[in-house]
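K.L.:
Curious how this folds, go ahead:
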Amino acid sequence: MATGSTQPFRPAGTVGASASTTSANVALAGGGQAILVYNASTSVAFFRLAAASGVVAALSDTPVPPGGRMLVDAGPFVTNAAVVLSAGTGAVYFTRGDGDAY
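P.N.:
Purely as a prediction, here's the structure:
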């Protein structure tokens, strides 16, 4: 593989979080070093990734706009995610896999 080339994202497992203005925590499914975060809610979602099950998200964490998605390199040790919404309730999905382009 040439330096600087991209690999399409290959999903391995998805979990959904029932998000609200209180932090929700989920264990990630599947394997891989990338995580695709999809915000299916109508509010801004803020997420945090961790290797521990007690992770808590705050409004100062990484934002994803309503209807938006973000692909992040999480490495092999991330096992959990937390999410909190700026307002209301909704679903946020975390899909684990490999690749660097979506």
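K.L.:
show me where this structure has strands.
P.N.:
Ranges of strands in the chain, per DSSP state E, are 10-19, 24-27, 34-39, 45-50, 62-64, 69-73, 80-85, 90-98.
K.L.:
Which among those is found nearest to Val56?
P.N.:
strand 80-85 (5.5 Å; CB to CB). Quick note: C-beta positions are derived from backbone N, CA and C, even for glycine.
K.L.:
Apart from its chain neighbours, what residue comes closest to the most centrally placed residue in the chain?
P.N.:
The centroid of the chain falls nearest to Val37 when counting by CA atoms, centre = their mean (3.5 Å). Excluding its sequence neighbours, the residue lying closest to Val37 (CB to CB, 6 or more residues apart in numbering) is Met70, at 4.9 Å.
K.L.:
related to what we said a few turns ago, looking at the strands of the chain, which is buried most?
P.N.:
Sort those by mean neighbour count, taking mean count of other CB atoms under 10 Å, and strand 80-85 sits at the top with a mean of 24.
K.L.:
Please list the outside residues in contact with that strand.
P.N.:
The contact list for strand 80-85 (CB atoms under 8 Å, 6 or more residues apart in numbering) reads 15, 17, 19-28, 35, 37, 41, 43-53, 55-59, 61, 92, 94.
K.L.:
CA atoms only: put it into PDB for me.
P.N.:
Below are the C-alpha coordinates for strand 80-85, written out as PDB (Å, rounded to 0.1, in the frame of the first residue of the first chain):
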ATOM      1  CA  ASN A  80     -16.600   1.900  25.600                       C
ATOM      2  CA  ALA A  81     -18.300   5.200  24.500                       C
ATOM      3  CA  ALA A  82     -20.300   7.800  26.200                       C
ATOM      4  CA  VAL A  83     -22.600  10.400  24.700                       C
ATOM      5  CA  VAL A  84     -24.700  13.400  25.900                       C
ATOM      6  CA  LEU A  85     -27.000  15.600  23.900                       C
END
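K.L.:
Find out how far that strand is from the centre of the chain, if you would.
P.N.:
Relative to its parent chain, strand 80-85 has a centroid offset of 8 Å by CA atoms, centre = their mean, to the nearest Å.
K.L.:
Taking their axis directions, it and strand 90-98 sit at what angle?
P.N.:
Between the axis of strand 80-85 and that of strand 90-98 there is an angle of 150 degrees, by axes from the mean of the first three to the mean of the last three CA atoms, to 10 degrees.
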